[in-house]
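Enquirer: This is a predicted model, with the sequence first.
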Amino acid sequence: MKYFYQAEKGQIDPFVLVVEGSIPNEKIKKEGYWAAQGTDYNTGQPITTCEWIDRLASKAWGVIACGTCATYGGIHAMAGNPTGCMGLADYLGKDFRSAAGLPIVNVPGCPVQPDNMMETLLYLLFQAAGLAPIIPLDEQLRPTWLFGKTVHEGCDRGGYYEQGDFAHEYGSPKCLVKIGCWGPVVNCNVTKRGWMRGIGGCPNVGGICIGCTMPGFPDKFMPFMDQPPGASLSSVIVVSYGSMIRSLRSITNMSGNREPKWRHRGRALTTGYQPTSY
Amino acid sequence: MATMTEPLAATEQKKRNLVEMNWDPITRIVGSLGIFTKIDFENREVAECYATSSIFRGYSIFMQGKDPRDAPFITSRICGICGDNHATCAVYTQNMAFGCKTPFMGEWIINLGEAAEYMFDHNLFQDNLVGVDFCEQMVKQTNPSVFARAENTRSPNADRHGYRTIADIMRALNPFTGAYYREALQMSRLTREMFCLMEGRHVHPSTLYPGGVGTVPSHQVFTDYLVRLMKYVEYMKIAVPLHDDLFNFFYEALPGYEKVGQRRILLGCWGAFNDPAVCDYRYEHMGDWGRAMYVTPSVIVDGEVVTNDLVDINLGIRILLGSSYYEDWQKNGERFVKTDPLGNPVDMRHPWNQTTIPKPQRRDFKGNYTWVMSPRWYDKRTGDYLALDTGGGPIARLWATALNNLVNLGYIEATGHSVKIRLPKTVNLPETEFEWKIPQWSNAIERNRARTYFQAYAAAAGLYFIEQALNLVRKGDTKTWAEFTVPEEAIGCGFHEAVRGVLSHHVVIRDKKIANYHPYPPTPWNGNPRDVYGTPGPYEDAIQNTPIFEENGPENFKGIDIMRAVRSFDPCLPCGVHMYLGNGKVLRTEHSGIFGGGHATHE
């Protein structure tokens, strides 16, 4: 804990504050604490996470929220939760600026994709060293190069979608949109990046996208295994186009799967060349 | 109540000079656990110890009214290191409630995923977190004479692992710089890749669903897993003898070290790895498919198996309130489940009937001071509420599997008093057999030793599972998921082993929605306070009896023996931990940091 106390006293400067986990609402009750770390030696009571954020955020060079719980509240902030928890920007305000004038940097994901997180930290180190411009963030304070595209735009099953070829059970290699995947409307790069050294991911490997990088997560995506409302419309449209295009493609595919007629043994040369010398 | 440890109120309060030492939060575990102790340096023992954890989210509350199909996705988020254990247990629970059964291929994929999880998590905890307590930098600071002896002690298995002296092993465990520490980090990554191949992403799986998995079984996905598994198998041929040499050295160099973290043998294991040929997820057959699991479930008391029947295990679970921030539900709470599907009565203090009513308040060490309740197992034979522990997971799993003498996969064989683990030839090393023998004590060193052996066990199990999966791919039997309809009303339960030990989920469904959901992970079993009957919790027993071997006095005290005792349980605090051990006189207060970086500094 010593680094927390040192940072508070200004003894380690600059420092970056990384926050993980949803921020509870400690004000909705008379006493006690939802989440705390370390003991206040004057009162003998634990020091709440909110207290630490109050002490440290405005002194930090930069503040990063790591994972969907810290960025937008996440699973613990679903309807009916008893702690009233929220994301860091809900707690500090979207207009919060760090000591160096930076907004909160949100790296959502449930859990956060490991390389996304480390890459963001690396970017900020380059920025702090004067080697990179201020980090580009979208409206939800997410790095744009990580969250600018949708899951669908990166998914290697997109071809099945375009051909109107949908999975009806889990374990199929086809597009999962009719059995729960929200990919077309979710900002995330997991289908392009994979999970660990390019291995794994979500819909690209058979896991429906549950929208875990989004501020609306999880409530706006539950129940996860139901077809998203938009998918029923789009899949109906694409099925008619898709089945037609698939038949046309299969004709071309059949043709491409047959060699030209002139590749054969025997005395006749039927390639179109008319030899005069032999 | 018959327990071995006397309640502290009954022990004599002799006049002692006590120094208060706090570690809050403890590092190199998962989550936030604060330990407050009073050390008697003259008599070299821990006079009092008190631990608290401080976080509450309320899963049992916000899951009410939600679709039960979402349970695996939601409960995975209980923990950021073992979330997939929760998701798997939730799948088992919903399978029972929905009346469906995961197809064979789906079951092998889940088993392969969980095997990878054990291989990953134990490796990371043992050699990047626990290992630091045994590394050169630490031992030089806490026990210089022991380190000097280590420099002159040849490793009995040096020809197998390459570290000539015990001191060489300790150097290799130094954080960030040690060769073995760094190799372990690489292995952690490899094993997570294996997990991702089976379940999409880690720690919250994307391809796990009630009814099975969405992973597409192919030669490629299993070949990629197998290639990595063989690298891990080779690594285990070095890991096991290396850790045996290190742990045996501590017994030799510090006679009496078996008392560190020791407690009565009261172990719980809820079983892991279903056999798809036997497991139909029906409660009525749960005793049979529990015994068919590839880690056998049991309650073990004083070295004997009391039961290996999951129905008996289920019915014995009781949730007691000790010193925690909740209102009781016994009198006014709803009785959701009167009898189980076999007609047995279900107690009001069983998870099926629990209602969680949080009551946040000031921390008061004399009253309520924690967010966790006290799980106990009711022993019908004696009327005791047993404070079972899992010893961090591996020791209970190996002990139960050994005693029951049921598991025999070729790669793994239980013998009644041991478990044999057979690893095949790998690139550089020949076929190797290890035998984990049931130890004399349930203590810190044996919990840690068991962890490395269980890594080898999980690898051996993985070899068996991959063979089954490849056979199915070759036959064209690739169905991974079973359809189901969510019933209007149902109950379900799931039993599994989280990395750290026993894990159960209990669900009550009404109007197709969750009416009640209570997960019980291992850490509440391990660390909980004195309950209403006065039974102390496992941490309390284990630490109270721990003697101090550290050579430092109060000024430089690191509390290494206490830390080794605590960490041997692999505390995982998202589940919450707390313990309390008595009151005493305070002479003075010191605040001490925890060793954890590349610097050999104390504070």
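Expert: Perfect, I can see it now.
Enquirer: Only C-alpha atoms from now on, for both contacts and neighbour counts.
Expert: Noted.
Enquirer: Show me what the helix or strand hosting residue A:245 is packed against.
Expert: Residue A:245 belongs to helix A:229-256 when elements are defined using DSSP states H and E. Applying 3 or more CA pairs under 8 Å, 6 or more residues apart in numbering or on different chains; DSSP states H and E, we find helix A:229-256 packed against helix A:158-162.
Enquirer: Is the helix or strand following the helix it packs on positioned near chain B?
Expert: Sequence-wise, the next helix or strand downstream of helix A:158-162 (DSSP H and E) is helix A:190-193. No. If you take CA under 8 Å from any CA of the partner chain as the test, helix A:190-193 misses chain B, and the best it gets is 9.8 Å.
Enquirer: coming back round to it: for the helix holding residue A:245, buried residues please.
Expert: The neighbour-count check on helix A:229-256 (16 or more other CA atoms under 10 Å in any protein chain shown) flags A:231, A:235, A:238-239, A:242, A:246 as buried.
Enquirer: what does stretch A:47-67 give?
Expert: A:47-50, A:52-53, A:55-67.
Enquirer: And for stretch B:265-281?
Expert: Across stretch B:265-281, burial judged by 16+ other CA under 10 Å covers B:265-276, B:279-281.
Enquirer: Same question for stretch A:24-38.
Expert: For stretch A:24-38, a neighbour-count test (16+ other CA under 10 Å) marks A:24-26, A:32-38 as buried.
Enquirer: ok, now stretch A:138-150?
Expert: A:140-143, A:146-147, A:149-150.
Enquirer: now do the same end-to-end measure for it.
Expert: From the first residue to the last, stretch A:138-150 extends over 14 Å; the measure is CA to CA, to the nearest Å.
Enquirer: still on that earlier bit, need the buried residues of helix A:229-256 in a markdown table with pLDDT, can you?
Expert: Putting the buried residues of helix A:229-256 into a markdown table (pLDDT from 0 to 100) gives the following:
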| residue | pLDDT |
| --- | --- |
| A:231 | 87 |
| A:235 | 87 |
| A:238 | 91 |
| A:239 | 90 |
| A:242 | 92 |
| A:246 | 92 |
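Enquirer: Can you tell me which of the residues you listed is nearest residue B:232?
Expert: Within the buried residues of helix A:229-256, the smallest distance to residue B:232 is 42.8 Å, found for residue A:231 (CA to CA).
Enquirer: and that closest one, what does it touch?
Expert: With contacts defined as CA atoms under 8 Å, 6 or more residues apart in numbering or on different chains, residue A:231 is in contact with A:177-178.
Enquirer: cool, residue B:358 as well?
Expert: Contacts here follow CA under 8 Å, 6+ apart; on that basis residue B:358 touches B:325-327.
Enquirer: And for residue B:177, the neighbour number?
Expert: Around residue B:177 there are 12 other residues, counting by other CA atoms under 10 Å in any protein chain shown.
Enquirer: which residues does the spatially most central residue of chain B contact?
Expert: Closest residue to the average C-alpha location of chain B: residue B:500 at 1.1 Å, with CA atoms, centre = their mean. Shown in contact with residue B:500 (CA under 8 Å, 6+ apart): B:390-394, B:522-523, B:569-572.
Enquirer: can you tell me which of these are in helices?
Expert: Counted as lying in helices by DSSP state H, out of these, are B:394, B:522-523.
Enquirer: What is the nearest of these to residue B:346?
Expert: Closest to residue B:346, out of all of these and judged by CA to CA, is residue B:522, at 21.6 Å.
Enquirer: and the closest one, how far is that from residue A:204?
Expert: Applying CA to CA to residue B:522 and residue A:204 gives a distance of 34 Å.
Enquirer: One more: residue B:224?
Expert: Between residue B:224 and residue A:204 the computed distance is 17 Å (CA to CA).
Enquirer: Then residue A:278?
Expert: For residue A:278, the distance to residue A:204 (CA to CA) stands at 57 Å.
Enquirer: Please say which of those two ends up with more neighbours.
Expert: Remark: of residue A:278 and residue A:204, residue A:204 carries more neighbours, 26 against 4, as counted by other CA under 10 Å.
Enquirer: Going by proximity to chain B, name the top residue of the stretch 1-150 of chain A.
Expert: Residue nearest to chain B within the stretch 1-150 of chain A: residue A:32 (3.6 Å; CA to the nearest CA).
Enquirer: pLDDT score for the closest residue to that residue other than its chain neighbours?
Expert: Distances taken as CA to CA, 6 or more residues apart in numbering or on different chains place residue B:361 nearest to residue A:32, at 3.6 Å, with adjacent residues excluded. Note for residue B:361: predicted pLDDT of 92.
Enquirer: And for residue A:199?
Expert: Looking at residue A:199, its pLDDT reads 96.
Enquirer: With residue B:556 instead?
Expert: Looking at residue B:556, its pLDDT stands at 84.
Enquirer: so which of the contacts of residue B:500 would you say is closest to chain A?
Expert: Distance to chain A, by CA to the nearest CA, is smallest for residue B:572 among these, at 15.2 Å.
Enquirer: surely the closest one meets residue B:29?
Expert: Yes. Taking contacts as CA atoms under 8 Å, residue B:572 lies within contact range of residue B:29: 6.5 Å.
Enquirer: neighbour-wise, which of the two wins?
Expert: A side-by-side neighbour count of residue B:572 and residue B:29, using other CA under 10 Å, places residue B:572 first with 27 against 18.
Enquirer: how about the strands of the stretch 251-400 of chain B, start to end?
Expert: Per DSSP state E, counting those that start in this stretch, the stretch 251-400 of chain B carries strands over the ranges B:266-269, B:298-301, B:304-307, B:317-320, B:374-379, B:384-386.
Enquirer: tell me which helix or strand of chain A sits lowest on mean pLDDT?
Expert: Lowest on mean pLDDT, DSSP states H and E among the helices and strands of chain A sits strand A:36-39, with a mean of 87.
Enquirer: And the contacts of residue B:500, which two are furthest apart?
Expert: The most widely separated members of the contacts of residue B:500, counting by CA to CA, are B:394 and B:572 (14.5 Å).
Enquirer: give me every residue that touches residue 271.
Expert: Unless you meant another one, I'm taking chain A. Neighbouring residues of residue A:271 by CA under 8 Å, 6+ apart: A:262-263.
Enquirer: oops, chain B please
Expert: Going by CA under 8 Å, 6+ apart, residue B:271 touches B:290, B:293-298, B:397, B:495-497, B:502.
Enquirer: Of those residues, which is the most crowded?
Expert: Within the contacts of residue B:271, most neighbours by other CA under 10 Å means residue B:297, with 32 neighbours.
Enquirer: burial of the residue in the stretch 251-400 of chain B positioned nearest to chain A, as a residue count?
Expert: Nearest residue of the stretch 251-400 of chain B to chain A, counting by CA to the nearest CA: residue B:361, 3.6 Å away. Close neighbours of residue B:361, defined as other CA under 10 Å, add up to 18.
Enquirer: Relative to residue B:325, how far out is it?
Expert: According to CA to CA, residue B:361 stands 7 Å off from residue B:325.
Enquirer: Looks like residue B:357 contacts residue B:327 (just checking).
Expert: Yes. Using CA under 8 Å, residue B:357 is in contact with residue B:327, at 5.5 Å.
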